[in-house]
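>>> I need the structure of the sequence given here:
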Amino acid sequence: MKLTGEVFWRWWAAGTVSSAGSAVGAVALPLTALTVLDATPFEMGLIAAAGYAAWLVLGLPAGVIVQRVPLRGVQVAADLARAGAVASIPLAWWQGWLTVAQLAIVALVVSFASVLFDVANTTFLPAIEPAERLQSRNSLMSGTQAVTDLGGPALGGVAVQVLGAVPTMARNSRCSRSTWFATCTPRPAGWACCWPPRASARWPAPRSRLGSPGPSAPRAGCWWPAPRSWSARS
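Numbers count the residues shown, from 1 in each chain. Below is the predicted model of the structure:
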C-alpha cells in the first residue's frame, strides 16, 4: 500500500532542510578553520578533501549497503550522525579544545553520512509514491536539490558574516536534529512497511529455497531488516 501525499511532503520537507543544512555547513566548516583557528592553506585543503572522501570510498557500494538495511533507519542515523559531529564543534570551541584535526574528522563524518542519506533518500521514493507520480516527484526532488545546492552556500556565507562561524555551525546542528524527527514520525495505519515495496518487473518477488516464488519468504522492513532466507543460509 502506498502512502498518502501528506507523508511525501513531510519526507520532502525533511530532505530539503537536511540538504540546505549540508550546503550551509559545507561553507561554514572551512570558514571556521580559517577565522577561528587561522588554518594554513594545507589544512584548508585537508578539510576540503575530507568532505569528498566518502564519494571515493562509498560512491559505488552505497547502494548495496542501503538495500540491506532499513531505509528510514539509514536516513535517521545519518542525520543524527551529522548533527552529533557538527554539534561537537561549538562544544569544543567553548571548552577551548577545537583543532583543525577535529574539523577534518567532522568533515569526514558528515561526508559519509551525507552519501548514505542521499542514496537512501532516492531509494525510498518508490516505496511511498505510486509509479504514475514518480516522474513528477523526481522532478520536484531534482529541482529542490538544485535550489539548495545553489542557495545554500550563499546562505552559509551570509550566516557566517552575520552570526560568526561557530554560531552558524551550532544552528546547523539544530537543523539536522529537526530533520530526523520529521523522517522518523510514525507510519500511517495500514501501511505494511516492507522492502521491496511490491513485486514488479523491477523488484521481483522473493524466491524460496526450491526456486519458486515463496509467499512466506521474508522481506526487509523499512525499520527492521528481515531474517535471512533459507537460500541465503544454504
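
>>> top helix in this protein by residue count?
Of all segments of type helix in the chain, defined using DSSP state H, the longest is helix 5-37.

>>> ok so residue 69 is a strand residue?
No - applying DSSP: H, G, I helix; E, B strand; the rest coil, one finds residue 69 to be coil, outside a strand.

>>> Which residue ranges make up the domains of the protein?
The record's domain parsing of the chain by automatic domain parsing lists 5-183, 192-234.

>>> tell me the pLDDT at the residue most central in space within the chain?
For the chain, the residue nearest the mean C-alpha position is residue 117 (2.0 Å; C-alpha atoms, centre = their mean). At residue 117, the predicted lDDT confidence score is 85.

>>> next one: residue 169
Residue 169 is assigned 89 on the pLDDT scale.

>>> Just read off the phi/psi values of it.
With angles defined as degrees, to the nearest 10, residue 169 shows backbone torsions of phi -70, psi -40.

>>> any idea how far residue 34 is from residue 14?
When C-beta to C-beta, to the nearest Å is applied, the distance between residue 34 and residue 14 equals 31 Å. C-beta coordinates here come from the backbone N, C-alpha and C atoms, glycine included.

>>> Look at those two and report which has more neighbours.
Per other C-beta atoms under 10 Å, whichever of residue 34 and residue 14 has more neighbours is residue 14, with 22 against 17.

>>> Look up how far residue 96 lies from residue 44.
From residue 44 over to residue 96 the distance is 22 Å, taken as C-beta to C-beta.

>>> Out of these two, name the residue with the larger neighbour count.
The neighbour count for residue 44 versus residue 96, taken as other C-beta under 10 Å, is higher for residue 44 (16 against 6).

>>> Surely the more buried one touches residue 31?
No - with contact defined as C-beta atoms under 8 Å, residue 44 and residue 31 do not form a contacting pair (9.7 Å).

>>> tally of neighbours for residue 165?
Residue 165 is surrounded by 25 other residues when neighbours are defined as other C-beta under 10 Å.

>>> Can you tell me the closest non-neighbouring residue to it?
If you skip the residues right next to it in sequence, residue 165 has residue 32 as its closest partner in space, 4.0 Å away by C-beta to C-beta, 6 or more residues apart in numbering.

>>> For the one you found, give its distance to residue 60.
Distance, residue 32 to residue 60, using C-beta to C-beta: 31 Å.

>>> More neighbours: which of these two?
Each of residue 32 and residue 60 had its neighbours counted (other C-beta under 10 Å), and the higher figure belongs to residue 32 (26 against 9).

>>> dump the residue contacts of that one.
If you count contacts by C-beta atoms under 8 Å, 6 or more residues apart in numbering, residue 32 has them with 89, 103, 165-166, 169.
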